[in-house]
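*Asks:* This is a predicted model, with the sequence first.
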Amino acid sequence: MFTKHDAEFKPKIQASAIALGSNIGDSLAILEAATAELAAIAGIQLTAKSSWYITKAVGPPQPDYINGCITLQVQMSPIELLETLLAIEQKFGRVRQERWGPRSLDLDLLLYDDLIIDTPTLQIPHPRMQERAFVLVPLAEIAPGWLEPISGYVIRELVKKVDCSDVHLLKGS
Ligand SMILES: Nc1ncnc2c1ncn2[C@@H]1O[C@H](COP(=O)(O)OP(=O)(O)OP(=O)(O)O)[C@@H](O)[C@H]1O
Ligand SMILES: Nc1nc2c(c(=O)[nH]1)N=C(CO)CN2
């Protein structure tokens, strides 16, 4: 019998938040297509989509990113959701070169209801989301009241703690 805190736990419907990023290729088209692809998967419902933002790369020097966040209702386990995200990254030509290096598509599983999971292959909440303005700004746009279970702060509070000067709304997105 799985408990709620097992990565294989299959819930009825759980809320999840995903961060999207791209800085290689036609990033806007890739991000829109990846969002549509996710929304079309059985067991996944898109519940909100942020604007797109142009963001200065954090980490090794590389092109600016386009970032955004979406929220989903999912009927799959955290592990299945991660595998789904990794499969879509591959489909959009994600070649795993250097960590934090440039990529055509990055899909990060930020939150899964109030779950806290820490295994070698899956950490939820995403371990670096609290320090990332390129995640917190779009997430605050669509889920300001979501409680991040490790810090105990909601997203609208977390975004006030980081420097957002390198995150700019992509007009018309
Ligand atoms: N919450 C999560 N969301 C996405 N990937 C995760 C998560 N937890 C663990 N992983 C694992 O992290 C591995 C490395 O991911 P990736 O290479 O995309 O890191 P990155 O995006 O460059 O850096 P970061 O993890 O800081 O965003 C993935 O293969 C995946 O198995
Ligand atoms: N601005 C920005 N910087 C990054 C990003 C990203 O999505 N946006 N992703 C990274 C690896 O996950 C590393 N650095």
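*Replies:* Sure thing, it's come through. Predicted model only: the values in this text are computed from it and were never measured. Ligands and ions are numbered 1, 2, ... in the order given.

*Asks:* make it CA atoms for all contacts and neighbour counts henceforth
*Replies:* Fine.

*Asks:* Phi and psi next, for the most centrally placed residue in the chain.
*Replies:* Nearest to the mean C-alpha position of the chain, by Cα atoms, centre = their mean, lies residue 19 at 1.9 Å. Comment: the main-chain dihedrals of residue 19 come out as phi -100, psi 140, following degrees, to the nearest 10.

*Asks:* List the residues that contact it.
*Replies:* Contact analysis of residue 19 by Cα atoms under 8 Å, 6 or more residues apart in numbering lists 67, 68, 69, 70, 106, 107, 108, 109, 110, 135.

*Asks:* Also within reach of ligand 1: list those from those residues.
*Replies:* Among the contacts of residue 19, the ones lying near ligand 1 by Cα under 6 Å from any ligand atom are 106, 108, 109, 110.

*Asks:* Would you format the residues you listed as TSV with distance to ligand 2, pLDDT and neighbour count included?
*Replies:* Conversion of the ones next to ligand 1 among the contacts of residue 19 to TSV gives the following (distance: Cα to the nearest ligand atom, whole Å; pLDDT from 0 to 100; neighbours: other Cα atoms under 10 Å):
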residue	distance to ligand 2	pLDDT	neighbour count
106	7	96	22
108	8	98	20
109	11	98	20
110	12	98	24
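
*Asks:* Just the residues you listed: which are in helices?
*Replies:* Members of the ones next to ligand 1 among the contacts of residue 19 lying in helices (criterion: DSSP state H): none.

*Asks:* can you list these in CSV and add distance to residue 172?
*Replies:* Formatted as CSV, the entries for those read as follows, by distance: Cα to Cα, whole Å:
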residue, distance to residue 172
106, 22
108, 24
109, 26
110, 25
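
*Asks:* With that, I have no additional questions.
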